[in-house]
Structures are given as structure tokens and as C-alpha cells.
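A.B. asks: From the sequence below, what's the structure:
(2 chains)
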Amino acid sequence: MNWRRITGMALLIASMVSVGFGMTRAIEPAAAWLVAIWLAAPLLLGALSLLFPPAPAGVTQSVRNLTLAMVTGFVIIAIQLLRQQFVHADALERYVYVDEQNGQTTSNLRPVLEALRVQRGVIVDRRETPLVTSQVAAGVVTRTYPVGARYDGRAFGALLGYFTPRFGQSGLEASYGDYLDGTRDRLKQVQDTMLGRPRRGDDLHLTIDAALQDAAYRILGDRRGAVVVIEPRTGAIRALVSAPGFDPAILAYDPAADDAIERARIDGYWNALNSEAAAQPLLNRALQGSYPPGSIFKTITAVSALEHADVARLDAIECPEQLVVEAGAPPVVNAVPDLASRTGSPADLERIYAFSCNTAFAELALRLGADRLGDTAARFGIVAPTQAGGSPLADLPGTASLLYGEDGALTRAPMLADTGFGQGQLLVTPLQMALMAATIANDGVPVRPYLVERITRPDGTVIRQHAPEALPRATSSIVARRMRDLMRATVAYGFGGAADAVPGIAVGGKSGTAEYACPTADVPTRVCTHAWFIAIAPVAQPRYAVAVIIEDGGEGSSAGARAAGQVLAAAFALPDDER
Amino acid sequence: MMIFRRVLARLRLRELQLIVTALLFFACGYILVAATTGSRAVVLDRVGIADLLWPSIVPSLLFIGISLMLSWRMPNADQFVLPLVALLVGLGLLMMARLAPALGSDYADVDSRQSLWVMIGIIALGSVLFVPWDQLLRRYLRTSLMDWLAHYRYVWLVTGIMLILSTFALGVDPNGSGVKAWFNLGFFHFQPSELLKIILVIFLASYLDEHRELVTRSYHLGPVRLPPLPYLVPLTGMWGLAMGLIIFQRDLGAALLLFSVFLAMLYVATGRGSYVIAGLSAFAIGSFALYTVVAVVRTRVMIWLDPWIVAQSSGYQIVQSIYAFASGGLFGSGLGRGVPTVIPAVHTDFIFSAIGEELGLAGSIGVLIAYLLLIGRGYHIALRIPGRFRGFEQLMAVGLTTILAMQTFIIIAGNVRLIPLTGITLPFISYGGSSILMNFVIIGLLLRISAGERRN
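C.D. replies: Residues are numbered from 1 along each chain as shown, chains lettered A, B, ... in the order given. As a prediction, the model looks like this:
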């Protein structure tokens, strides 16, 4: 009869609508879906019962209906399987549940187990010294750290990152994870699976010089801070140190050891790293640390003044004891009294730069105005918050360097004056400062910094080779050469003499003593200083550009300059094939 | 010579072809598993090959032997049941071979033990089919097998209930499932509830067949029409006693199974939908009562509705099962390439999740279809029996098939989180001696019933 078909179709459509609607509901918790599918079940049974030809009454009919009930049950299971294995399979596979009460997370074990089965790629330094390798133990691949045998493993933690089944991964292990575990090349992955070949990841060849990295970490010692060493012409980063560091080897899981002991050991170290007393060793200060630059920013002001010599009136520079910018605002003062006796009167740009005269640079900034100074700073990668695009380094996560924090801050004269000598609201990263020095060293052209020279397959085939990438010119070659003279003067006779630590090599640099508020319970207005130093060497044709920051490190001209000099000494002491 | 020619003429070719196909599929899978898990050092001498292949070859040969015997003794028996069973059993052995190396040392021999059980099961199947029960019983008890089963229904039921009762005193819990539902017989653990399900089907089939007319008819008490209480009460009482015991034992899966089988048989015998509605209402009330009274039921329902909040404790199994199915995707990770053993009890309660992970949606739906075909054949056998003369056998075929169907549904639906999980075995695939043995007895009875379908 026709009404059977019509009603049957209607019920069938109703059950499909119910299932379809349920599929669009939240994946987890699946309560809505369970309601939908169990609503669909009786509708489907009704539909089947009407659409299938009726059977003679009696046992035949009963058995027919029983069969249809069983079919309905199995169809419902099939629909559920369709949801779990096809429609929402990817989302369910990656579903992570975080317990709000105790923060415990539940996630799929398979990606981790998979990662443990892959022979993860090797990471080597520029001299092919293996830093991280993989070793097969008890059928499971474990990350090993040969770097620890020769050097302090903590120097490499923030750079390489950790690789743990429990806490995930960081550093290069994370950002190059797809190369290291061989998932980048899907075709090769499928081939290996089909042929039953053990999967091997690709190897990273870094620009880092492990010996220099280790030396720089030792120079910082137990002080908090960062060191960045860049090759100005190529952008190759030779050292990228953040202190305090952490040893990734301690976070690596050893499947050969007792599971409970391993877990306890890793958990213990992890908790120690995250404790208050540890001072954030997991943070890569070189890339993610934002600090006021202090006097090293005078480099930017000086560049801007050289570019706009007429506006800056370079022939009329004085270094007064204090500069009253605005009535009522605290005047700008110098760090050292009677600086004019050293800079002379009238002074010149070289001497106020070498002796780091705050008042003179505040005056220059006021003469230049916010637009010109901001324009120069932006070309050196120190930008307004609205233009901030992140760190110039693509290999690892980092933060942008900011000219100011609040909108319109530089329209206020006192703030502009403060910015001129590196205070104000400036926040910069050590990498950006190293890049600033490198730009001056490279005749005004910044070259994008990078960490990974090339990536090779296990068989040695190169699949990615870095080519130096010049960024838009920051300043003219003439200004850059003049700036190198200023930096040399600073080390030769100004407040940077401590950096002149490499015999036979002319070092140029600039110190910075960046003030920041560090209130304590007793002294709420207490001010501390970060010690900065940027350096280039040899000045005539620089091979290294260095930025050093020591948090709460005192004077840039003493602690900072000394550290930078030691880093340069270590760099030039390397057995260098290019020398 | 004459016999040989006659057998050849009556050879059940369709069945043989299908069995050989199923076994080929299974042999390929076995080799694949041996290769991917790499658990065995393959030594290609005579002993090495035999050692590798005996768990697959011996059951295969037994299936072919049964088929040939059927050609000789029962050429009319259904030709599709045995190949489907061979397929499912083969898949079960395959999964055991794949899981055994990964399960750890306590379960390292599940594959060979399962093989042994399958062989014992096939021998049980053979003895149900080929021992001349009718002749033996006629000679000594003047009755046929089916009449004998029907006649002594109370004996069987009391035996079954006594067995369940004695698990309270003597039962053990060999795999830490929290249910003391096994007897330790030394060489293996026997689960009496597996036997009880067959006994209950025999009891219900016999009772309902005898009182079919009366049970169907309404019972008039003045102007009120009532169900025929005098006949329903003893029936429900006996069945309720058995089920109550099992619930008391916390074997919720078996209880759900027995309830649905009861309802299905009552419906088929009477043809009255009102019994189903009444039964489902009783089920709803009973479930609610159990939910409020029994903590285990409450936990199971909570886990079903949100396994994630207890993902690290009681919900661990089902959460891992969700991940297993999702990771399997359309075509699965491939045999031996997944990690199903992260699910506790994967070789018993969660074998379907392992199939879902390693064979994907294609494999899991395929298994569903195989079960559906087997169930369809079971009901088909029931329908081809002239019910007027052989009502007991007809009801028994319905009941036995419903056992297979509901058991499959309950455990798979629990695995895929469609209903709260209750721990019962997946017929023919899950690891477990009692289950394999009893399922083969069910198949034996079904085939025997089908063989006689044209005789009267």
C-alpha cells in the first residue's frame, strides 16, 4: 500500500535528519549525539518495518520484525562507527581533555608512541659536531645528547629544546619537528611504511658553533642574561645563549631504565625548572626576552642624526649636566657627573656617543622629532606595536622589539627625550640588538639571521640549503661606516674599553645600562640596571656582531663590555677555516 | 566405493568454496601478522613452518573436515553458517596472533590457547552434529535429542541455576574483571553463565512451545482482559530467578543478554507486541532501580555519558577505545601496526576496538556484515521449519540466533560507546574458552535443526 511507503520514507528521512543533526553537535561530551542517534533508532526501525514487504501474520511476521530490530541495531552501530572512524575521526584522534580540577590531561598516546619509534634526525653544529642524536634502546628510539660530553648541556637547552613524551617539545625540536621525525616528506613516509623500512628523520646542520655557544654560556656563568653572536655578512647565528639554561638530556626518557624511576626523575627536573627559584630557564631570553635597551639605543639616535644632519644640527652639540625638557617633568641627567669635561664643549657626535651622554642624545631626539627617529628605528626592526610582526628569526619563536608601548607616547616631549637615550618605553630583544650591530657592520644592510644552514636526508642528500636573505637596507653605507668609527671610538677611548680584549683585533661597541623598576618591600622605588653591550669586530671588516645582556648586571660599560670582550676573544680563538 | 560416489554427488560445494575462501583470507592475514609483528624468528625448516602455521592450519582442516562430514551425514544443513563462522573464528585467531606478542608475558600464549579452544569447539560442534544422538536416545530413553532437550527443561534449568549459585561459593576471578563468575577446573576456567544462556533458550523454547496457545490467549477476569497470568508467572519466575542471580553476581552483560533473549522468544512465540512494550517498560523500571541501588551500574552509566572526567581511572578503557577507533580511520593502521594493547582487556572485551584500529572502518563494518549475515541465516533456518510440527526447534533456533545477535550487539555497542559497557565476549572472536565452546555448541544445534528442516 502506498501510505506504507510514504510513511516509511518520512520516518527514514526523520531518522537521517536526527543523525545528521547529531553529527553537527559538539564532539565531546557526546551527550547530544547519543540522544540524536538513539532517537534515530526507533524511527529507523519503523521505517524499515514499513518499507520492507509485510510477512504473513504469525511466527513469520514476528521473526521478520525481530530480524529488522537486529538490523536496526547493527545499522546504528555502523552509523556510530562512521562518526568515530570517518566523520570526526581526525578531531577525536587529536582530542585532548584537560581536567579542570587537577590539570591532568588525557590525550591520544599514538602520536607519542609513533614519535618514539622514529629514528629522529641528528642535530649537528657548523663543524658537524653532533649535538643531539637518537639511539635505539629496547626497541624504542631515545634522544641522546653527545653535546653533554664535551660542553655544558645547559648552554644548548633553550636553543635545541627538549623532546619528551610527557611534556612535548620546544626549541628546534619543535619548530623543525616535521623534518626531524621525517613527516615532512609524506611520499617518503608512505614508501618507508610500505617497504617496512625503519623511519628516519632528516638531520639539521646548524650555524651554531658549539664551542662558542659553550664559551658564551660560561662567560655568563650563573648570571641571568643572553648572548647572541651573528656573522654580519650572512646572518648566520654562531651563538644563541640564554642563561640560566637547562639540560635537555635530563628531560629525555630512557626506555631501558625503570619506568617509575624515569618518570620521577623527569618530573622532578621539570618541576624544578618551573619553580620560582629557577628564574625561567625554559624561556629563551635571546629571542623572547624584552628589555629596555638603555644607551645602546643611542646607536639608532646617532644613525638618525647622521641621516638628518641638518635637522639634528651636528655642529651644535653640547653635553650639559641636565636637560629640562618640560617644566614639571624630571630633567634628563647623565649617569656620570661632569661628562662635559670628557666630551668637550662644544662636543661632537663621536664623543657624546663614546661617553654616552644622555642629555646630548635627548636633545638630538627632540631636534629630530618622533617621526624621523621612529622611521630610523623601524628600519632597524624596532617598531611601533601596531607594526610589530615578530622576531626577524624564522627558526624559533621570538618577540618583536617595540619603540613604545602606549599609543602616542612619543608625542610627549619627555618621553621622546627619554627614548633618544634608550629609556622611555623601549623594549628590545637581544637578537634585535645583535642584528642592529650586524647591520652597521654590514654597511647598513641587515641580513636575516638564521640558525639552520641546511637539512639533509639520512643518506646525505641536501633537501634544504639556506641562502642569505638581505632585508631592506636600514641606512646608507656612509652612515654605517661613520657609525663603525663611533663604535670603535667608544672602545678605544670611551666607555667601552673593557671590550677591547682581542689582541690585534680592533673592536667597536657600545655599552648600555638600562634602568628598570625593581621594587622591593622596603624600597618601592628601587631601580636596577641591566648591563648591555653590543660589539663588532674587526671594525674595518667585521666578522662578528655581538649583543650581550646581563640582567641586573650593573654597568654596561663594565660587566657588559667585559663579557662582550670575552665572547669576542672566544670567537676569534676558534680554529676558523675562514680566518 | 558406492558411499564415496554418493558423497561426491552430494558434496556441499558452495560451503566448501566459501570455507576455503575464508581460510585463504585468514592465511594471508596470518603470514602478514607473522611478518609485521616480527615476534617469531621464522625458521624455514619443517618444524619451523609447522610451528608458525599450526594454530591456523589445524582449525582450518577441521572446518573442511566438518564440511565433508556434513556432506555425508547432513547434506541438507545450511551451507552459509559454517563459512561465516570460519571467517569470524579465523579473524579471532588472527587477532590473537597479532595481540599475543604485544600483550606481555602473562598472555603470551593467548593465540595458541585460542587455537586449542577453537579445536575443542569444532570437536564439540562435530559431536553435536555427528554423534547419532537420536539413535542412542531412542535406544535407551525412547526419545529423540530434541524431545529429550525439551522434556527435561526443568532439570536443565535447575542445573544451570545450581551452577551459577555455586560460583558464589567456588567462583574465581581469573582476569581481574571484578566478577567471580568462573570455575577453576585446573586446566581451564569455565564460565557457567555461558552454559546458562543455552539452557535458558532450551527452557523458554520448550515452555513457550508447550503453552503457546495459552500464553497467546488473553485471560478474562470479569470484564478485564488480562495476560494469561497462570502461565506467565512460572515462566517469568524461573527466568527471573536465573537473571536475578546473574545481576547479583554483577554480570550485567549476561543479564542484559538473557533479558533480550527472553523478550525476543516471548514475542516470536506469541506474536504480541504488547509483551515487548511491557517488557521494555519493565526493563526501564528495572534499569532505573538498578541504577539507584547498584553502584556498578551507576559507574558504568556515568562512564558512558562522560568517560573523560574519569579518563585516568575507570574510564580509561573506553577513552583508549575512542582513540583506537579514531586512529584507525577509514582503512586502519594495518595489522600489527597499531597499538591496540594500550586498551586493557583488548583481547577479550575490546577485541572489536583492536579490529577498528588496525583494519579501520572497512574492517569494522565488514565484521558487522559478517555477523549480520550469520544472524540472518539463523533466523532463516527458524523460518524454514514447519512451526506447527517442530515449534520447539523453531523457537530454539530463534533463541540461539538471538543470543548470537544480542551478544554481538551488546559488546560492540559498548565498545563504540553506544550503550554503557558491559563485559561480555564478542562471539567467535574474543579470547575465552567457555565462550568459544558454547558458541560452537550453538552453531551445532542450529545446523542440526537446519539439517532436519525438510524431513517432516
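A.B. asks: give the contact list for the closest residue in space to A:Asp90 that isn't next to it in sequence.
C.D. replies: Among residues not flanking A:Asp90 along the chain, B:Ala326 sits closest, at 7.6 Å (C-beta to C-beta, 6 or more residues apart in numbering or on different chains). (Glycine included, C-beta is placed from N, CA and C.) The contact partners of B:Ala326, by C-beta atoms under 8 Å, 6 or more residues apart in numbering or on different chains, come to A:Gln84, A:Gln85, A:His88, A:Ala89, A:Asp90, A:Ala91, A:Leu92, A:Glu93, A:Tyr95, A:Asn108.
A.B. asks: try 10 Å this time
C.D. replies: With contact taken as C-beta atoms under 10 Å, 6 or more residues apart in numbering or on different chains, B:Ala326 is in contact with A:27, A:83-86, A:88-95, A:108, A:110, B:356-357.
A.B. asks: Filter those down to just the ones in helices.
C.D. replies: A:Ala89, A:Asp90, A:Ala91, A:Leu92, A:Glu93, A:Arg110, B:Gly356, B:Glu357 (DSSP state H).
A.B. asks: doesn't A:Glu28 make contact with the fourth one?
C.D. replies: If I follow you right, that is A:Leu92. Yes - with contact defined as C-beta atoms under 10 Å, A:Leu92 reaches A:Glu28; the gap is 7.7 Å.
A.B. asks: any shared contact partners between those two?
C.D. replies: By C-beta under 10 Å, 6+ apart, A:Leu92 and A:Glu28 have these common neighbours: B:Ile322.
A.B. asks: what about these two, which has more around it?
C.D. replies: Shown here are A:Leu92 and A:Glu28; by other C-beta atoms under 10 Å in any protein chain shown, A:Leu92 has more neighbours (20 against 15).
A.B. asks: Look up how far A:Ala260 lies from that one.
C.D. replies: Distance, A:Leu92 to A:Ala260, by C-beta to C-beta, to the nearest Å: 30 Å.
A.B. asks: and if you look at A:Phe167?
C.D. replies: Using C-beta to C-beta, one gets 17 Å for the distance from A:Phe167 to A:Ala260.
A.B. asks: ok, those two, which is more surrounded?
C.D. replies: Neighbours per residue, other C-beta under 10 Å: of A:Phe167 and A:Ala260, the larger number sits with A:Phe167, 15 against 8.
A.B. asks: For the residue nearest to that one when sequence neighbours are not counted, the count of nearby residues, please.
C.D. replies: Closest residue in space to A:Phe167, ignoring its immediate chain neighbours: A:Trp270 at 6.1 Å, by C-beta to C-beta, 6+ apart. Per other C-beta under 10 Å, the neighbour tally for A:Trp270 reads 18.
A.B. asks: where are the low-confidence patches of chain A?
C.D. replies: A:1, A:100-105, A:137-139, A:166, A:193-194, A:196, A:576-579 (pLDDT under 70).
A.B. asks: Three-state assignment for the residue nearest the centre of it, please.
C.D. replies: The centroid of chain A falls nearest to A:Pro397 when counting by C-alpha atoms, centre = their mean (2.2 Å). Here A:Pro397 is coil, with the state taken from DSSP: H, G, I helix; E, B strand; the rest coil.
A.B. asks: Tell me which residues touch it, please.
C.D. replies: Neighbouring residues of A:Pro397 by C-beta under 10 Å, 6+ apart: A:Ser170, A:Gly171, A:Ala174, A:Ser175, A:Asn284, A:Leu287, A:Gln288, A:Gly390, A:Ser391.
A.B. asks: Inside helices: which ones of those?
C.D. replies: Using DSSP H to define helices, the subset of the contacts of A:Pro397 located there is A:Gly171, A:Ala174, A:Ser175, A:Leu287, A:Gln288.
A.B. asks: so who does the first one touch?
C.D. replies: Taking C-beta under 10 Å, 6+ apart as the definition of contact, the neighbours of A:Gly171 are A:123, A:156-163, A:248, A:282, A:284, A:395-397, A:451.
A.B. asks: Of those residues - the most surrounded one?
C.D. replies: Counting neighbours by other C-beta under 10 Å, A:Phe156 comes out on top of those with 32 neighbours.
A.B. asks: what sits against the nearest residue to that one once chain neighbours are set aside?
C.D. replies: Excluding its sequence neighbours, the residue lying closest to A:Phe156 (C-beta to C-beta, 6+ apart) is A:Val147, at 5.5 Å. Neighbour list for A:Val147: A:123-125, A:129-133, A:153, A:155-156, A:160, A:210, A:213-214, A:247-249 [criterion: C-beta under 10 Å, 6+ apart].
A.B. asks: just checking, which of the contacts of A:Gly171 belong to helices?
C.D. replies: Members of the contacts of A:Gly171 lying in helices (criterion: DSSP H): A:Gly157, A:Ala158, A:Leu159, A:Leu160, A:Pro248.
A.B. asks: Now name the helix or strand holding the residue in the stretch 151-300 of chain B positioned nearest to chain A.
C.D. replies: Closest approach between the stretch 151-300 of chain B and chain A, counting by C-beta to the nearest C-beta: B:Val268, at 4.3 Å. Per DSSP states H and E: B:Val268 is located in helix B:252-270.
A.B. asks: what about that helix, average pLDDT?
C.D. replies: Here helix B:252-270 scores 88 as its mean pLDDT.
A.B. asks: now for it, which elements pack on it?
C.D. replies: If you count contacts as 3 or more C-beta pairs under 10 Å, 6 or more residues apart in numbering or on different chains; DSSP states H and E, helix B:252-270 packs onto helix A:59-82, helix B:192-210, helix B:212-216, helix B:229-248, helix B:273-293, helix B:295-305, helix B:387-415.
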